[in-house]
Structure formats: C-alpha cells, structure tokens
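Engineer: This is a predicted model, with the sequence first.
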Amino acid sequence: MWEFWRGKLNTDHTSPRSNVFPLKANDQRGSAVVNFKDLNLSVDELPDDVHTDSSYHEDEDPTNKAAIIRTKGIRSDAQKNKLIIIMVGLPGRGKTFLCNKLKCYLNWLGHNTSHFNVGNYRRLQKEGHEMQDASFFDSQNKLGLEARSRALMTAIDDVMSFLTENNGQVDIFDATNTTTDRRQMLIATFHGRCQYIFIESICNDTQVLENNYRYKMKYSPDYQGLDTEVALNDFKERIAKYNEVYEPINDRRLHYIKLIDMVTGRGYMDVNRISGYIPGKIVFFLMQVCKAGMTAGQSRKIWLTRHGESIFNMEGRIGGDSGLTARGDEYSKLLPGVLETRLPVTFNEAGVPVSAWTSTLRRTIATANYLPYPKLRWKALDEIHAGVCDGMTYAEVAAKLPEDYDARKRDKLRYRYPSGESYLDVIQRLEPVIIEMERERECVVVVGHQAVLRAILGYFMGVSLEKIPRLEIPLHTLIELHPRPDGTMEVLSIPIPISTTQQLQIPSAAGAASSPLQLQQPQGTAHKQVPGGGGSNLAFSPPKPSPVLGASVSSRHGPSLPGRALGSAIDLTTAGSMAADYTPLSTAAAGAAGAAGAAGA
C-alpha cells in the first residue's frame, strides 16, 4: 500500500516527507487526505482501478479505508468510516448488557459511541395509560406493528443524525431485529451510507434467563407498579410472541458476531466476515467480557483505592517513588479490616476469592502489605510518568516551565509531560488491565495511583474522556464497584478516618490545582431518559462507614493463604469522589494532605 502512495506522491519529483504537511491556504488543488493516525498523505486523485460501486456485501470491508478518501466518484452521503452495530436477539438475552459494555469500552478508547434503544422510542410514543402488554407484540396486531414501525424509523433517523451531524463514529442499534425481513430493511437503509455488523445473542440456559427476567421486572419501565409475578408472566408471553417469528442469522454473506450462551460464561462465538480495527477490537472485547457471564459477575466486587499518604503527597511533589508517611502506614493497616466487612456473602466455607493488584512503585506495594490476599504487580498500573517534572512541586513547574504549566491547565487530557505521558497515554497502556478485570470471576482490589485510578473508574462509570482527568479520587478512601446484570456498575465511596496527625508543608502555586470533578448523581445528558441513551450507568449509594473503622488489624489477618507470605507478590510487567467528599476527622493538616493529593497527576 505504501508503494502505491509513494508513487502518487513522487509524480512531481518531491519526497514523501514534503507532502506530510498540510497544503498552504493559497493552494487550490482539490486534494484528498488519507489519515494514518498522525500521518497525513495528500493525494490528487484515485487510481483508475479503484471502484466505488459495490454489490450486496460481497466485497465490503467493515473498516472501508478507501472510503476515507473523499472524491467525486464516491457518493456524497457515504460515511463508510462510521460503524453501526445492529443487535439481534429475543428479549432478556443480554443485549442491553452487551450494549452498555461496548459503549463504555469504545468511548473509553476514544471512539465516539452512542446507544440507541428502540424500546425507549416505543415507550415515548405511548399515549396516556395505554398498556403495551404481550398482545401488543403479536405479529398479527396491526396497530402494534404500526407503532413499533414508527418507533423504528424515528430511531433510524436519530442514528444517522448522530453519525453525520454529531461527529459520531459508532452507533449501537439496540432492538430485537428478530426477522430476516427486518434485517433486510436495515441493510437497505444503511448500505452505501455506513458500515454495519450484526451481533446476535442467543441464550439457552433457563436459570440464567430466569434470573435476567426477574432483574428486568425490577427496573423495566414497561412494568413499573405491577406485581412482580404478574409482570414476569406477561414478559414471558411477550417473548413467546417474538419467538413465533424469530429467525436466527444464517446468511453467511452478512458480517456478524453470534454469541451462543456467551452471557452464561460457558458458551462460544461464531464470527463471520469480521475484519478491521474496530470490529476486531469488538470481537476480542466480547470474548473477554463474556467470560465471567452476566450472573457470575454479579457475585464479585471491585475495589479501587489510592496508596496511603506518601512523603511526596505530604510535600506536594509530583510522581517519584517515595515511601509512606505515618498516616499512610496507618491506612495500610486499616484497609484489610474494612475490606473484610465488604466481601460478598457466600454460602460455602471456601469464602470469596480475592486478589490484590498493585503497581511496581513502593507506595502501592507498602499499602497492600497487610492485605491477606495473593498479590499481582502490574507495570501498567504505575502512576502517570511526569517526565522532567518528576519530583517537582506545581509551584516549581509554574516557575521553571510556565508554558507547560499553562498547557496542562488548558487541556489536562491531552497534555503530555516533557519526556513523560499524557492521560491518553495512560488509558492506552491500561487497556490490558481493564480487559483482565472484565474477564475475572473473583473479587479484585486495586491499590493504585490517582491518574491511573481516574482512568479505570472513568471506564467503569462511562465518564467522557474530557472529564476523566478531573475525577476526584481522595486519599484514604475505598471505592467499591458492584457489577449489575445490565452491564452497569453500582458505586459506593467509603472514607476511612485516620487518627495519626502530622504537620504538612505543601508548596503551592496560584491556581496550581483546579478543582477536581465532584462525582454525584449525574445530571443532564448523563441521566436524561432520551431514546438514544438508555439512561445513566451510575448508581450511587450514600457512604456507609465500616463498623471496624479505626480498629486495629489483629492477628486474624495473619498468613491466611497456605504457602504464601503476607506481603509476597507476583510481578507482572505488562506493556501494555465520588458521592462523598473526603474530610479527615482528625486535623486540618490532614485536610491539606487530601487537597495535595487531589492536585496531583
């Protein structure tokens, strides 16, 4: 491919490098641009052997790199660098679970993704006290068919509007789409305008289905105020109506991913004609996220906590590899007792398996020292690399590197420390950690750093990239994440009071630390019940301090795992507040430490 572009660029006897830069303003050539990440190669025309017309899916590439080149030969309305994910499956088969997970993942990677649920459109057009019971979904109910068709067409209009007008890149079209005729209609609508793949979810496990049905009865807008058993019977009748006309995908000409019992954690995948970067990432992600299953994942928890207060925290310095202060050491001793009270309830004597993940830096290793769980050290969990600013205070950065200081304030997400990293760099190297957390069946406690935990929490909460650098991750606070069956997370923040006091000396610069984002019940678009959203994926509970807060950790936390010392760990070097404010209960100096921690990274 490079040979072709090099030939095109050398037609005027200039070097390829001379064409990397944008054309001057007075250059009137109608050139197109091919984007290879950060490299722009300008070309004047397409070769004669590039054809723009295509037949029904025979030669379609889900990435359509050629469609990035805009020429007169390509339809003006074509958006072949866009992707629509069309869900297929009976109700209660985990489609919403998959949609929420995919939306969080793709947005976190920087691909602007939206979720359009056709059921929301159907409910919005319902009049008064109209009851859309099981009979409404009968294939012989003409009024029901007309209403559902109107909802479908309105959703399609919004899907195309998002892709063409709102800088969207990926749409998740969430509906049953159970008949061949419906899918053919969607193909006719989207073909030639954007790329599309189908994801079909099939589940045959009766126990998983029953659990999922009962969960939906608690939260489904269709059954609000109804008795659970009455609602459950009607929902099963609705599924029977859909099942009468259900036609699984079997056309090998289509681009599809079929998940058979994958939401149980014991199934398999049928991947047909899938290629390209984003479709490939989707396949890989679904293989991992479905490993724990919808129900198995609910029995575990994920805890995130910063390391205890470090010497650099106390001095207001960036990065480094300093040890813990007396307050930080006290937190490391209190943490096991708090976690013990938060373990999920089990019905066997084996208990809940828990593992502790840390970075390779001393302050996280020391904080996890008293945790009676197997430990794993990730190089990918190391704090954001501050480059030449490592070990400096923000006052020193403002004095010595004023341009960098101002640039970081303007765009904290994309700013890269000289010879260091940006938040976007951190997100890229954390992807293996996120994948491993998604596929785990056991509980995980991550002892990390502020910037790293912001990126991880932002993923699980579906926070936009722009807001991630200002999420508040206070010192000496345990953040608990509890997976829900729909793929969202219930989030709880648990401050842990520290009794040790010490005087802090924190150098500061005027405006050195902008206020961290206070994560509360989301407002506006995050929680707006619009047809395209499916609502918020956050569920905050008021903080509930543990009854053992302030208690010392006794010998019951001794060597709890045979053959493994309490502080031992496995090194894994991979390339790859919350609802309550943190207010220490002891001294004002401790409050300064919390502020210094929030200013970091």
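Structural biologist: Perfect, I can see it now.
Engineer: and the strand or helix carrying residue 271, what other elements does it pack with?
Structural biologist: With elements delineated by DSSP states H and E, residue 271 resides in strand 268-272, which encompasses its position. In terms of contact count using 3 or more C-beta pairs under 8 Å, 6 or more residues apart in numbering; DSSP states H and E, strand 268-272 is assigned the packing partners strand 256-260, helix 277-289. Placement of C-beta: from N, CA and C, glycine included.
Engineer: ok, and for that strand, which residues are buried?
Structural biologist: Along strand 268-272, the positions that meet the burial threshold by neighbour count (16 or more other C-beta atoms under 10 Å) are 271, 272.
Engineer: if we can go back for a sec, so of the helices and strands packed on strand 268-272, which one's packed in deepest?
Structural biologist: Scoring the helices and strands packed on strand 268-272 by mean neighbour count under mean count of other C-beta atoms under 10 Å gives strand 256-260 as the most buried, with a mean of 22.
Engineer: that older thread, list of residues touching the strand holding residue 271?
Structural biologist: Taking C-beta atoms under 8 Å, 6 or more residues apart in numbering as the criterion, the residues outside strand 268-272 that touch it are 252, 254-262, 283, 286-287.
Engineer: just the residues you listed: which has the poorest pLDDT?
Structural biologist: Lowest in pLDDT among the contacts of strand 268-272 is residue 262, which has 88.
Engineer: List the buried residues in the top helix by length along the chain.
Structural biologist: As far as residue count goes, and with DSSP state H defining each element, the longest helix of the chain is helix 142-165. Applying a neighbour-count criterion of 16+ other C-beta under 10 Å, the buried positions in helix 142-165 are 144, 147-148, 151-152, 154-156, 158-160, 162-163.
Engineer: Rounded mean pLDDT for that helix, please.
Structural biologist: Helix 142-165 shows an average pLDDT of 94 in the prediction.
Engineer: my guess is residue 373 contacts residue 356, does it?
Structural biologist: Yes. Residue 373 lies in contact with residue 356 (C-beta atoms under 8 Å); the separation is 4.7 Å.
Engineer: Dump the helices and strands packed on strand 268-272 to JSON lines, plus distance to residue 100.
Structural biologist: JSON lines is the format used below for the helices and strands packed on strand 268-272 (distance: least, C-beta to C-beta, whole Å):
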{"stretch": "strand 256-260", "distance to residue 100": "15"}
{"stretch": "helix 277-289", "distance to residue 100": "10"}
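Engineer: among these, which is nearest residue 472?
Structural biologist: Go through those one by one with C-beta to C-beta and the one that ends up closest to residue 472 is helix 277-289, at 27.1 Å.
Engineer: and that closest one, what does it pack onto?
Structural biologist: In terms of contact count using 3+ C-beta pairs under 8 Å, 6+ apart, helix 277-289 is assigned the packing partners strand 79-88, helix 95-108, strand 194-202, strand 256-260, strand 268-272, helix 423-439.
Engineer: Can I get it as PDB, trimmed to CA atoms?
Structural biologist: Extracted in PDB, the C-alpha atoms of helix 277-289 (Å, rounded to 0.1, in the frame of the first residue of the first chain):
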ATOM      1  CA  TYR A 277      -9.600  -2.400  13.600                       C
ATOM      2  CA  ILE A 278     -12.800  -1.500  15.500                       C
ATOM      3  CA  PRO A 279     -14.700  -4.700  14.500                       C
ATOM      4  CA  GLY A 280     -11.600  -6.700  15.600                       C
ATOM      5  CA  LYS A 281     -11.500  -4.900  18.900                       C
ATOM      6  CA  ILE A 282     -15.200  -5.600  19.400                       C
ATOM      7  CA  VAL A 283     -14.600  -9.400  18.900                       C
ATOM      8  CA  PHE A 284     -11.700  -9.500  21.300                       C
ATOM      9  CA  PHE A 285     -13.600  -7.500  23.900                       C
ATOM     10  CA  LEU A 286     -16.700  -9.600  23.700                       C
ATOM     11  CA  MET A 287     -14.600 -12.800  24.200                       C
ATOM     12  CA  GLN A 288     -13.200 -11.400  27.500                       C
ATOM     13  CA  VAL A 289     -16.300  -9.600  28.900                       C
END
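Engineer: Could you tell me the angle between that helix and helix 95-108?
Structural biologist: Relative orientation of helix 277-289 and helix 95-108, computed by axes from the mean of the first three to the mean of the last three C-alpha atoms, to 10 degrees: 130 degrees.
Engineer: Tell me the helix or strand right after helix 277-289.
Structural biologist: Next along the chain after helix 277-289, taking DSSP H and E as the criterion, comes strand 302-306.
Engineer: I'd guessed residue 109 sits against residue 285; true?
Structural biologist: No. Between residue 109 and residue 285 there is no contact, the gap being 9.5 Å when judged by C-beta under 8 Å.
Engineer: Save the helices and strands packed on helix 277-289 as CSV, and put in distance to residue 245 too.
Structural biologist: Conversion of the helices and strands packed on helix 277-289 to CSV gives the following (distance: least, C-beta to C-beta, whole Å):
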stretch, distance to residue 245
strand 79-88, 13
helix 95-108, 17
strand 194-202, 15
strand 256-260, 19
strand 268-272, 22
helix 423-439, 34
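Engineer: Which one of the ones you listed lies nearest to residue 139?
Structural biologist: Closest to residue 139 of these is strand 79-88 (C-beta to C-beta; 16.7 Å).
Engineer: Parallel or antiparallel, list what pairs with the closest one.
Structural biologist: When pairs are called by DSSP bridges, strand 79-88 turns out to pair with strand 170-174 (parallel), strand 194-202 (parallel).
Engineer: between it and helix 142-165, how big is the angle?
Structural biologist: 150 degrees.
Engineer: For the closest residue in space to residue 300 that isn't next to it in sequence, give me its contacts.
Structural biologist: Here the nearest residue to residue 300 in space, its sequence neighbours aside, is residue 443; by C-beta to C-beta, 6 or more residues apart in numbering that works out to 4.8 Å. Residue 443 makes contacts with 300, 301, 302, 303, 343, 344, 352, 353, 354, 355, as judged by C-beta under 8 Å, 6+ apart.
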